[in-house]
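Visitor: Based on what follows, work out the 3D shape:
(chains A, B and C)
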Amino acid sequence: MLNDIISKLITELNEGIDERDLGGPYFDRIGYKVFPFTIDKFHQIKGDNTSIRNMVFIDGGNQELIGAPNFSIQLNRIYFNIFSGKKRIIQKVLPNKIEFFSATFSTLRNKEIDYDTIVFPVKDEWNKYLPLQSDLSFSAKDRANFTGTMREDIQRVASISRRFAEWNYSRFVIEEILRENDILIADGTLQATFTHEDRYLSGTQASAIKRGVIFSGLSKTSSLFTTTGLSLIGSLHKLHKDWDIDFNKWCYYPVAEGLISSHSVVIFIVKLHERADHIFRYEIIRDQAKSMTVSELYDILNNLAYISTDLTFPGYPYGLVDADDNARVRNDEVDVYRMLLLSEISKRGLWRKFSRHILSTDAHDILNTLKAGGSVR
Amino acid sequence: MNEDYCCGEIITGETTKLVIRQKSNEPIEIGDILVEDRKDGKIFLQVFDLLYGSQISRLGLENISGMSLEGIGTGLDWIEPHLRNYILAIAKSILHIATVDKLPRNPKVLPNFMGPVRRLKEHDLNFLSKPKNPLYVGKVRTGSKSLNADIYLDAVDVFSHHILVPATTGRGKSNLIKIMLWNVLDKDFCGILVLDAHNEYYGKHNSKGLRDHRKAKDYLIFYSPNPTHGGYTLVINLRSIRPNDFRGITELSEPQQEAMDLAYNTYHEEWISIILKSDNGLKAVKSGTLNVLRRKFDNILGVYFDSDDQQIKCRNKSFSDTLGESTIDEIVKALRAGKKVVVDTSVLDDQAELLIGGIIADKLLHHYKKAKEDGNLENLPVISIVIEEAPRVLSEEVLRSHGNNIYSDIAREGRKFKIGLTAITQLTSVIPKTILANMNTKIILGNELAVERSSVIQSASQDLSSDDRNIASLDKGEAIISSNFTKFAIPIKIPLFEDIVKDSQEPSRHKIGVVS
Amino acid sequence: MLHKFAHITDCHLGAWRNPKLKEINLKAFERAIAICIEENVDFIAITGDFFDVNVPELDHVKRAVEILRQARGYGIEIYMIYGSHDFTASTVSIVDVLHSAGLFIKPVEFEQIRDKIRLKFIQDQKTVFKITGLSGRKSGLDTEYYNLLDMGSLESEEGIKVFLFHAPISELTPIDLAHGESIPLSLLPKGFKYYGGGHLHRRIEHKYDDGKSMIIYPGPLFGSTFTDLEDTAEGEKRGFYIINYDNDNETIRAKFIELKIADIILHTINANQNTIKQIEDKICAVVEQIQDLTNKIILIKVKGTLSSGKRTDINFSKFEEQLLAKGALVTFINRNSLVSPEAAQVKVFSTSIEDIEKKVIKDRISSFKIDPAIKDDKVKNFIKSKLLAEKGEDTANQLLLALKMEKIENETASDFQTRLLNNAKFVMEFSDFR
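Guide: Numbers count the residues shown, from 1 in each chain, chains lettered A, B, ... in the order given. Presented below is the predicted three-dimensional model:
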């Protein structure tokens, strides 16, 4: 009986994924120039060390320490590294890692719910790397920043400060460490999603252009579609096979160009190693990409591919593996800080007040924690 | 700490189980002693286990390994392998040297969290001092490397409180004993009797031995059934033997013991001859009992009465009714004078060997007890009796079936009289805990058998509960000294005896003034 | 062809304060030589301690010379090595004078080849024997010299060889004679037909080298101490050996020739916890009990702890005189082992003075330590090598022996003192220290 259901399910799914017509790249917003799938857009990447550039990989991480529907305290971390080829470069100009706490809370203002975030750098001298407090206020009405429930709202807002800090710190890295033709690779797209975000992103972009540093981003995940509703990445996989392309390390360029100011990029799809199971979306800011020759573009990809030979994640730049690892805020760290916070709250006799809000969490949370076997706060 | 010396960093753990991440290219070995420098001094840590550490999950590692093994990992490698894959050393604190008085003490604090550690250097061992009566055993070892720091034990303390040398075959027991004897050979604060079951200590024409010591002619005496030039013949006169000397060496029924006692009480020193010669001298004893005793004497001593020649004869020439009257006394005298006596028992049966050793030991104990009564014990040198295959006289089974013997007596109470055993054994587990507990110094060599290691560990003077792997991995010539007289369990490297002999001074050549 | 020689040892001529015992001892030697002449031995080997001291009374020397010359007169060669008593290296000994006079041959010539002593053989003119040997040394040096012997040359020498020596062999030494240092059997060179030993005052025969040769200690002809006499009274035979060697079938036979110059009777009295009166009564009873003691040597040994009083409260001389009056040749009451209750500090009990001396020395030396105030290593080493432990005992015993000598008739006090001092210095080997 169950087998029948499974069988029917797969049949339906198979019929739903119709690869007979792959279509072309699809963007659901205006402001993108898309290019149809053609074989000549597949380019081989050598991935050798014939031309080595300095590459900075930067990533950020954050986790909530304590939270309620109306507030969230987070630990945020930004980390970067520098590689020349596969060799890490030790520098003492800027700290490789900066951390800050953020406290986000909802406020009633002009009869509207606003979310304000205050940041607290772990070291005072890191304050300059962080976004301005004024840029960290958001109205609940502005749905560009939010999804889903109020609980999810507060968490999403709380993470914005980290994202802004990533762009801001990238600017410092570009201005104080990198030189012309060096590359900065951020984790994710170069798209300004949140209110005020473009202020930071565009500032970094401007610094990059001024210094001649290639500003780019590599996304681990991609939700791009084709015009026939298929996954763009999957479709390119199929095309690579169907068109008998004999090189297995390649980039597909260009997929599209972002023409809006909040996302002014050239988008590539890259497979950085023959053994890679994953292919990624890669973007370079448009002004830089358009001004480079094809060989210069390939050179950048060559450098990326050269550092994407790590056994743990073939085809993914090792620098980003390292950045992710070091930027991540782990659960055991969270526990330590949580205890400190709760201890201070308790010392000041504020536990009753705070706990009323902490305990009014969405029931889903409780169910989730019950399933995971964790403790309920 | 100077970055150049750092070989690791403590990342977590507890007092008995600290986890140290090893710096890449600074391999840490099991048994290594590491040092954490602190404001108030330094803490010594000893590594007893090694683990792989990795930032990659187990599944990830298995996958990577599979790719490499199956040849589908071409073009892939580890980037920054040393950062993500590393060795974790598990260590315990063993000693704390305080800056204020430079004295060693048991550590009572944890080393600093994330504190760097470095390798042990010679200058860290400046607190070790040479005792008044030095017994050299080797050099300090960290892992497999030895440092130029000699380890001495106080001979009077360790010999009188017994030494146990547990080890399986081929781990260097004989070499260790030779090294120890070589260095105290010309020291008259100790007299040592060696029951040499394999004739390996004195030296032969094709191998170096104690006789190559420059003071051998003054301090070393060799007894053998077939002595080399300068050695004494190992021949014990039957008059030197008492009924009590058989105690614990062979099983004797009550009638047999009574017969022996009667013969001795009646005929004193001639008791064995009387038993051998005829029944007439002991009419009160059944002839069956006497026959059994004659057989035992033949088996153990090799003596019998040849009725054709009307003489007592000995098959192995080590016992006689005419020769060797003063052998035992001479040996005891030499030991009391702080000399070293090697008795070659290689051609003797176990029982004969133990009997001879027992007669000497018994006489020594008697002398020393008397000296203690007279208040002269402190003027006498400490005595140690080196005995191989110690379970022959100290195992639970032997003690149960044959009863106590002089060796077990010495093991239990000898230290009151400055007489001790240096017992060598492959099987520590068969020796009663009460005896093991009295053996206050254990020089532990390698041992593959888990049950034996466990037995040694349980009876050690320091906590060696985490050193099982350490002991199992001891190579030939490596040892751990666990003693009541050391502040911590010291890992040592025992030098090769042949090297020591080679380096020793040539005997001085002097003009002989012979007067004719 | 048959060869025959005599082996005599430890004559200790000149021993005994008692003139009668001294005379008996001399007579024993005289008798032994007479037998040798009767037996027509080819030569006589004397293995040390011919005289009791290095400069004995001259009348004894004269008599000894006469006896030796008698043997020489019959064409009997005499081979003699020195012992520990009759010779000292510090001064000329009388036995040296006898040697210089050609009365005997000393078969101890050697040459030093590198660090080895190569003994030279003397071929006896009348027999096939090649003779060599080593004189006795101060205690401790025996082993050293034997260790230096060139064994290869000794053992490879062709012919029928005799080795003469004056040292106790550990394996053969009876327990009651095992006082000083002895040499191991392994230090004797192999391949000799006969090993003639001296120093042990007991008769010992030992078949060696699977019966192909013999080691013999004949023991003294009479004895030089009361312990010797007591042993004789208890059955120990005194005399010397005549060795017969058949060259054709290479067999050697040893015949012991007993000498009984005087009978010795020994009585032992257990005086433990007895009063003075009780002991005297017991001695008296023994004195009365002994019959037919004409020309006999009477020894009475009294041992035990008095219940009260002192040993000196007993008039031993009275009993000795009584025995002499009954016709005893010599009488001696040994009271060395009789102690008073207050003498508990004296922990040494023995029947012989020599034994007591050795034990007291041992006792005293055992507690002797180097003064920590002495810092000079040379001094410390000297003390260690001469005055501590066993070496200290040896030095003390040798000093006693060296200083035991008596003033010779007509010797001035100054000369006597010088002689004593030189002997003592020799023992102490002060030249080594300087």
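Visitor: from here on, contacts and neighbour counts on C-alpha atoms
Guide: Noted.
Visitor: Where do the helices of chain A begin and end?
Guide: Ranges of helices within chain A are A:2-16, A:150-176, A:197-211, A:232-242, A:286-291, A:294-306, A:318-327, A:331-347, A:351-358, A:363-372, based on DSSP state H.
Visitor: whoops, I mixed them up, the stretch 301-434 of chain C
Guide: Applying DSSP state H, counting those that start in this stretch to the stretch 301-434 of chain C gives helices spanning C:316-325, C:353-366, C:377-386, C:389-402, C:413-428, C:430-433.
Visitor: Then the stretch 151-300 of chain C?
Guide: Remark: helices assigned in the stretch 151-300 of chain C by DSSP H, counting those that start in this stretch are C:151-156, C:226-233, C:276-289.
Visitor: Deepest in the core, which of these is it.
Guide: Comparing these by mean neighbour count (mean count of other C-alpha atoms under 10 Å in any protein chain shown), helix C:226-233 ranks first with a mean of 19.
Visitor: May I have that helix exported as CSV, CA atoms only?
Guide: Output of helix C:226-233 as CSV, limited to C-alpha atoms (Å, rounded to 0.1, in the frame of the first residue of the first chain):
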residue,chain,number,x,y,z
PHE,C,226,97.4,-23.7,71.2
THR,C,227,94.6,-23.9,68.6
ASP,C,228,96.8,-26.2,66.6
LEU,C,229,97.4,-28.3,69.7
GLU,C,230,93.8,-28.5,70.5
ASP,C,231,93.0,-29.6,67.0
THR,C,232,95.7,-32.3,67.3
ALA,C,233,94.2,-33.5,70.6
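Visitor: Compute the inter-axis angle for that helix and helix C:353-366.
Guide: Going by axes from the mean of the first three to the mean of the last three C-alpha atoms, to 10 degrees, helix C:226-233 is angled at 130 degrees with respect to helix C:353-366.
Visitor: ok, residues contacting helix C:226-233?
Guide: Here helix C:226-233 makes contact (C-alpha atoms under 8 Å, 6 or more residues apart in numbering or on different chains) with C:201, C:222-223, C:238, C:263-266, C:299, C:351-352.
Visitor: pLDDT below threshold where in the stretch 101-250 of chain C?
Guide: Residue ranges of the stretch 101-250 of chain C with pLDDT under 70: C:138-141.
Visitor: Let's verify the residue nearest to C:Ser186 when sequence neighbours are not counted: helix, strand, or coil?
Guide: Nearest non-adjacent residue to C:Ser186, counting by C-alpha to C-alpha, 6 or more residues apart in numbering or on different chains: B:His229, 5.1 Å away. For B:His229, the assignment made with DSSP: H, G, I helix; E, B strand; the rest coil gives coil.
Visitor: which bits of the stretch 201-350 of chain A sit near chain B?
Guide: A:275, A:307, A:309-312, A:314, A:318 (C-alpha under 8 Å from any C-alpha of the partner chain).
Visitor: The residue nearest the centre of chain B sits in which helix or strand?
Guide: Nearest to the mean C-alpha position of chain B, by C-alpha atoms, centre = their mean, lies B:Val165 at 3.3 Å. Element membership for B:Val165, per DSSP states H and E: strand B:163-166.
Visitor: so where does the closest residue to C:Leu149 other than its chain neighbours fall, helix or strand?
Guide: Distance criterion C-alpha to C-alpha, 6+ apart; nearest residue to C:Leu149, sequence neighbours excluded, is C:Ile117 at 4.7 Å. Assessed by DSSP H and E, C:Ile117 sits inside strand C:116-119.
Visitor: Other residues contacting the helix or strand just after that strand?
Guide: For strand C:116-119, the following helix or strand on the C-terminal side (DSSP H and E) is strand C:122-123. Here strand C:122-123 makes contact (C-alpha under 8 Å, 6+ apart) with C:107, C:129-132.
Visitor: Show me what A:Lys87 bridges to in the sheet.
Guide: For A:Lys87, the beta-bridge partners are A:Ser84 (DSSP bridges).
Visitor: returning to that earlier point: any idea how far the residue nearest to C:Ser186 lies from C:Tyr146?
Guide: Distance, B:His229 to C:Tyr146, using C-alpha to C-alpha, to the nearest Å: 10 Å.
Visitor: These two - which one has more neighbours?
Guide: C:Tyr146 (21 against 16; other C-alpha atoms under 10 Å in any protein chain shown).
Visitor: quick one, what contacts B:Ile356?
Guide: Going by C-alpha under 8 Å, 6+ apart, the list of residues near B:Ile356 reads B:Ile236.
Visitor: just to revisit the earlier point, so the residue nearest to the centre of chain B versus chain A, what's the distance?
Guide: Distance, B:Val165 to chain A, by C-alpha to the nearest C-alpha, to the nearest Å: 48 Å.
Visitor: circling back: go ahead and confirm the residue nearest to C:Ser186 touches C:Pro189.
Guide: No - counting by C-alpha atoms under 8 Å, B:His229 stays clear of C:Pro189, with 9.2 Å between them.
Visitor: B:Ala472 contacts B:Glu452, correct?
Guide: No - counting by C-alpha under 8 Å, B:Ala472 stays clear of B:Glu452, with 10.3 Å between them.
Visitor: which of those two has more neighbours?
Guide: Using other C-alpha under 10 Å as the criterion, B:Ala472 and B:Glu452 rank with B:Glu452 on top: 19 against 15.
Visitor: And the residue of chain A closest to chain B?
Guide: A:Thr309 (4.7 Å; C-alpha to the nearest C-alpha).
Visitor: Confirm for me that that residue is in contact with B:Gly73.
Guide: No - between A:Thr309 and B:Gly73 there is no contact under C-alpha under 8 Å: 9.5 Å.
Visitor: quick one: pLDDT of C:Gly14?
Guide: Listed pLDDT for C:Gly14 reads 90.
Visitor: For it, list the residues it contacts.
Guide: Contacts of C:Gly14 (C-alpha under 8 Å, 6+ apart): C:22, C:25-26, C:51-53, C:56-57, C:60.
Visitor: among these, which are in helices?
Guide: C:22, C:25-26, C:60.
Visitor: all helices for the stretch 1-150 of chain C, in order.
Guide: In the stretch 1-150 of chain C, the helices defined using DSSP H, counting those that start in this stretch lie at C:19-39, C:58-73, C:94-100, C:141-148.
Visitor: could those helices be laid out in JSON lines, adding distance to chain A?
Guide: Shown next, in JSON lines, are these (distance: least, C-alpha to the nearest C-alpha, whole Å):
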{"stretch": "helix C:19-39", "distance to chain A": "106"}
{"stretch": "helix C:58-73", "distance to chain A": "106"}
{"stretch": "helix C:94-100", "distance to chain A": "97"}
{"stretch": "helix C:141-148", "distance to chain A": "74"}
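Visitor: Just tell me which of these ends up closest to B:Arg141.
Guide: Nearest to B:Arg141 among those is helix C:141-148 (40.8 Å), distances taken as C-alpha to C-alpha.
Visitor: Show me what that closest one is packed against.
Guide: Packing partners of helix C:141-148 (3 or more C-alpha pairs under 8 Å, 6 or more residues apart in numbering or on different chains; DSSP states H and E): strand C:116-119.
Visitor: how far is the strand it packs on from where the chain is centred?
Guide: The chain centre lies 26 Å from the centre of strand C:116-119; the measure is C-alpha atoms, centre = their mean, to the nearest Å.
Visitor: And the closest residue to B:Ile10 other than its chain neighbours, how far from B:Asp245?
Guide: Nearest residue to B:Ile10 in three dimensions, chain neighbours excluded: B:Ile20, at 4.2 Å (C-alpha to C-alpha, 6+ apart). B:Ile20 is 56 Å from B:Asp245, where distance means C-alpha to C-alpha.
Visitor: likewise B:Phe497?
Guide: From B:Phe497 across to B:Asp245, the span is 35 Å (C-alpha to C-alpha).
Visitor: got a list of what the residue nearest to the centre of chain B touches?
Guide: B:173, B:422-425, B:442-445.
Visitor: pLDDT score assigned to the closest residue to A:Gln191 other than its chain neighbours?
Guide: In space, and not counting its chain neighbours, A:Gln191 is closest to A:His263: 4.6 Å by C-alpha to C-alpha, 6+ apart. A:His263 is assigned a pLDDT of 93 by the prediction.
Visitor: A:His263 - how many residues pack around it?
Guide: 22.
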